[in-house]
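Asks: I'd like to go over a predicted model; first the sequence, then the structure.
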Amino acid sequence: MPRRARVTLPNVAHHIIQRGNNRQACFYCQQDYQNYLSWLKEYAKEYYCYIHAFVLMTNHIHILVTPEYPNSLALMMKQLGQRYVQYINRTYKRSGTLWEGRFKSCLVQSEEYVLSCYRYIELNPVRANLVSTLNEYNWSSFHHNGLGERNDLITEHPFYIALGNNNSERITSYRHLFDSTLTIKTIEQIRNTTNGNYVLGNNKFKQEVAKVLGRRVRPGKPGRPRNDNR
């Protein structure tokens, strides 16, 4: 069965997740994390992708990114993935695949959904009980977005910029977003939409994207298609 074409549009934020094959580790030491981020920065610049948020977990990664062109995202992730796998195989004397197939992604609409994805991504280490507070985890964009530690990998999304009139106000407002927890419903919505390669947004946005792409962008109803000729 041919795999579904990826739902992607230029100049719209996308949430990406890529997991290690069989959920095996992808990062083994500090240098691995550093190399991945360095190459992410290199290929994001080369292929005109704007990184808003990220987290590197032991066996998977999350990125919130806006591609400028239709093929920007696929090219960035292809080059990054191949280079990183070659590095891991060479460094650790291994062979074969590292990633669990191609990366998964979804389109993300509006302030509510974009900022929820920021929080969903950066809260991963806390949900996984790796740390108790966000600032304890070194491999996420929270140090830039929530602590003001400048990272030139990050391009701030317009909805992040709108949080304040200056950098200090934005950082303070952004941290306040974490005063309330993400609901289980929101977490599941982000997970299911990303894993299914659908669209994260309201019904109007989904209809608009479906019209532009000429294809379904939300899960279909279970069961056989209705036969109106019966």
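Replies: Received the coordinates, thanks.
Asks: where along the protein do the helices fall?
Replies: With helices called from DSSP state H, the chain shows them at 30-46, 72-91, 110-122, 124-127, 142-145, 158-161, 167-177, 184-196, 203-213.
Asks: close enough to count as contact, Glu156 and Leu64?
Replies: No: using Cβ atoms under 8 Å, Glu156 is not in contact with Leu64; the gap is 11.0 Å. All C-beta spots, glycine's among them, are computed from the backbone N, C-alpha and C.
Asks: ok, these two, which is more surrounded?
Replies: More neighbours surround Leu64 than the other of Glu156 and Leu64, with 26 against 18 (other Cβ atoms under 10 Å).
Asks: What's the separation between the more buried one and Gln31?
Replies: From Leu64 across to Gln31, the span is 25 Å (Cβ to Cβ, to the nearest Å).
Asks: So which helix or strand of the protein has the lowest pLDDT on average?
Replies: Among the helices and strands of the chain, helix 203-213 carries the lowest confidence by mean pLDDT, DSSP states H and E, at a mean of 65.
Asks: coming back round to it: now list whatever residues contact both of Glu156 and Leu64.
Replies: Contact with both Glu156 and Leu64 is made by residues His52, according to Cβ atoms under 8 Å, 6 or more residues apart in numbering.
Asks: okay if I get the helices of the chain as TSV plus distance to Pro10?
Replies: Output for these, formatted as TSV (distance: least, Cβ to Cβ, whole Å):
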stretch	distance to Pro10
helix 30-46	14
helix 72-91	7
helix 110-122	16
helix 124-127	27
helix 142-145	23
helix 158-161	15
helix 167-177	25
helix 184-196	19
helix 203-213	11
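Asks: could I get those as a markdown table with distance to Glu136 and mean neighbour count?
Replies: Shown next, in a markdown table, are the helices of the chain (distance: least, Cβ to Cβ, whole Å; neighbours: other Cβ atoms under 10 Å):
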| stretch | distance to Glu136 | mean neighbour count |
| --- | --- | --- |
| helix 30-46 | 15 | 16 |
| helix 72-91 | 25 | 17 |
| helix 110-122 | 12 | 21 |
| helix 124-127 | 8 | 18 |
| helix 142-145 | 10 | 23 |
| helix 158-161 | 22 | 15 |
| helix 167-177 | 15 | 15 |
| helix 184-196 | 21 | 16 |
| helix 203-213 | 35 | 14 |
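Asks: can you tell which of those helices is closest to Leu9?
Replies: helix 203-213 (6.7 Å; Cβ to Cβ).
Asks: who's in contact with the closest residue to Val85 other than its chain neighbours?
Replies: In this structure, Val85 finds its nearest non-sequential neighbour in Leu98, 4.6 Å apart by Cβ to Cβ, 6 or more residues apart in numbering. If a contact means Cβ under 8 Å, 6+ apart, then Leu98 has Gly20, Asn21, Gln24, Cys26, Tyr84, Val85, Ile88, Asn89 as its contacts.
Asks: With Gln24 instead?
Replies: Contacts of Gln24 by Cβ under 8 Å, 6+ apart are Asn59, Leu98.
Asks: how does it look with 7 Å?
Replies: Residues near Gln24 by Cβ atoms under 7 Å, 6 or more residues apart in numbering: Asn59.
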